[in-house]
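1. how does the following fold in three dimensions:
(one chain, ligands or ions: 1)
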Amino acid sequence: MVSSNGLATSQPLFSFGLISDVQYADIPDGRSFLGVPRYYRHSLLILQRAVKEWNSHQRHKFVINFGDIVDGFCPKDQSLDTVKKVVDEFEMFTGGPVYHMIGNHCLYNLPRSKLLSLLKIHTLDGRAYYDFSPVPEYRFVVLDAYDISAIGWPQDHPKTLEALKILREKNPNEDKNSPTNLEGPERRFVMFNGAVGKEQVEWLDGVLLESTNLKQKVVVCCHLPLHPGAATEETLLWNYDEVMNLIHRYNCVKVCLAGHDHKGGYSIDSHGIHHRVFEAALECPPGTDAFGYIDVYDDRISLVGTDRMKSTEMDFTPPS
Ligand SMILES: [Zn+2]
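-> Got it, this is the predicted structure:
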């Protein structure tokens, strides 16, 4: 194998498969609010093709689903079966575990309490953030972007109330899903987004400290993007700035990966951290795909995308 600078490189330490925003529903094709076509039934075929391909490679250690496995338009009496159906497709992956994260569309269908057990996210008190270390050199952090959110928690839950307070303060529109009249990154204060809460920020701080002590490189995964350069402003995590300020206090985080912004994006921030937002499976016209896998090396990660998911080389050492 030869890298972009022409030098021979070693084999990857490991690799993993990934897909984002499957948003399956057994309903006719439709369009987003902005008129972008959505292919609700076809997206499940993409997931099936993805799993088949990952299995055929026989080397991926795990798969990460970046959230929104079922669409909000899924008839509610079918939500449970539909989530199970998509999870079952993921379970056809034979190489190792599948790591899920929750997205807003998952929460439109099922309350957090039901969803977490179906997605096999076994955490305390409905929390959906966790970390894992597939090899000693690396740690993956999966953030819960709807920790503070107006969707998914019971209506009188303190986290719902905290989210509604933020929306009242930041978004003057009657329809809190509308970013109308909000400018720049302020457009993120809409109901289909959320925030990482105080306890989760403290937990993340602890994980980053431990990773630093263990000399591990960290990949942060979150349904919502964390950098305005890589995503549309109305798709960002409400407190992306707070989370990134924390991440920037350490040197261990090399890459932040996200979904939610269906067109995808890529950017490197002022601290050299790569931000890659994945193209959605939902918006692939029939016969096309958006999934991929990542080869992880000591000094870079390499995304190999299929069709609409663009391949991206992410080098940790800036070119001299
Ligand atoms: Zn989403």
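2. skip the chain neighbours and tell me the closest residue to L44.
-> In space, and not counting its chain neighbours, L44 is closest to Y24: 4.6 Å by Cβ to Cβ, 6 or more residues apart in numbering. The way it works is simple: take the backbone N, C-alpha and C, and place the C-beta from them, glycine included.
3. with M92 instead?
-> Distances taken as Cβ to Cβ, 6+ apart place V51 nearest to M92, at 4.9 Å, with adjacent residues excluded.
4. ranges for the strands of the stretch 101-250 of the chain?
-> Counting by DSSP state E, counting those that start in this stretch, the stretch 101-250 of the chain forms strands over residues 130-135, 138-142, 217-222, given from the N-terminal end onward.
5. okay, the second one in PDB with CA atoms only?
-> Think strand 138-142. Extracted as PDB, the C-alpha positions of strand 138-142 are listed here (Å, rounded to 0.1, in the frame of the first residue of the first chain):
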ATOM      1  CA  TYR A 138      -7.400   3.800  20.300                       C
ATOM      2  CA  ARG A 139     -10.500   4.800  22.100                       C
ATOM      3  CA  PHE A 140     -13.900   5.600  20.600                       C
ATOM      4  CA  VAL A 141     -16.300   7.900  22.400                       C
ATOM      5  CA  VAL A 142     -20.000   7.800  21.500                       C
END
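6. need the residues that contact that strand.
-> The list of residues contacting strand 138-142 from outside it, by Cβ atoms under 8 Å, 6 or more residues apart in numbering, reads 13-14, 64, 99, 101, 128-134, 204, 207, 211, 214, 216-222, 252, 296.
7. go with 7 Å
-> Applying Cβ atoms under 7 Å, 6 or more residues apart in numbering, the set of residues contacting strand 138-142 from outside is 99, 101, 129-134, 204, 207, 211, 216-221, 296.
8. report the distance from that strand to the chain centre.
-> 13 Å (Cα atoms, centre = their mean, to the nearest Å).
9. so what touches stretch 54-66?
-> 14-20, 90, 93-101, 134, 221, 223, 258-259, 278, 293.
10. first-to-last residue distance for that stretch?
-> One end of stretch 54-66 to the other measures 16 Å (Cα to Cα, to the nearest Å).
11. for it, what is the distance to the chain centroid?
-> 16 Å.
12. report the buried residues of that stretch.
-> Applying a neighbour-count criterion of 16 or more other Cβ atoms under 10 Å, the buried positions in stretch 54-66 are W54, H60, F62, V63, I64, N65, F66.
13. near the ion, which residues of the protein are found?
-> Applying Cβ under 5 Å from the ion, we find that the chain lies next to the ion at D68, G103, N104, H260.
14. counting neighbours, which of the residues you listed end up buried?
-> When neighbours are counted using 16+ other Cβ under 10 Å, these contain these buried positions: D68, G103, N104, H260.
15. how near is the residue nearest to H271 when sequence neighbours are not counted to the ion?
-> In this structure, H271 finds its nearest non-sequential neighbour in H248, 5.0 Å apart by Cβ to Cβ, 6+ apart. Noted for H248: a distance of 25 Å to the ion, by Cβ to the ion, to the nearest Å.
16. next, V86: phi, psi?
-> As for V86, its main-chain torsions (degrees, to the nearest 10) stand at phi -70, psi -40.
17. tell me the pLDDT of the residue lying closest to it once chain neighbours are set aside.
-> Using Cβ to Cβ, 6+ apart and skipping the chain neighbours, the partner closest in space to V86 is I69 (4.5 Å). Listed pLDDT for I69 reads 95.
18. ok, I69 - contacts?
-> V22, Y24, V83, V86, C106.
19. try 8 Å
-> V22, Q23, Y24, V83, V86, V87, H100, G103, H105, C106.
20. quick check, nearest of those to the ion?
-> G103 (4.0 Å; Cβ to the ion).
21. ok, now which ones touch the closest one?
-> Counting by Cβ under 8 Å, 6+ apart, the residues that G103 touches are D21, F66, G67, D68, I69, A145, Y146, H223, G259, H260.
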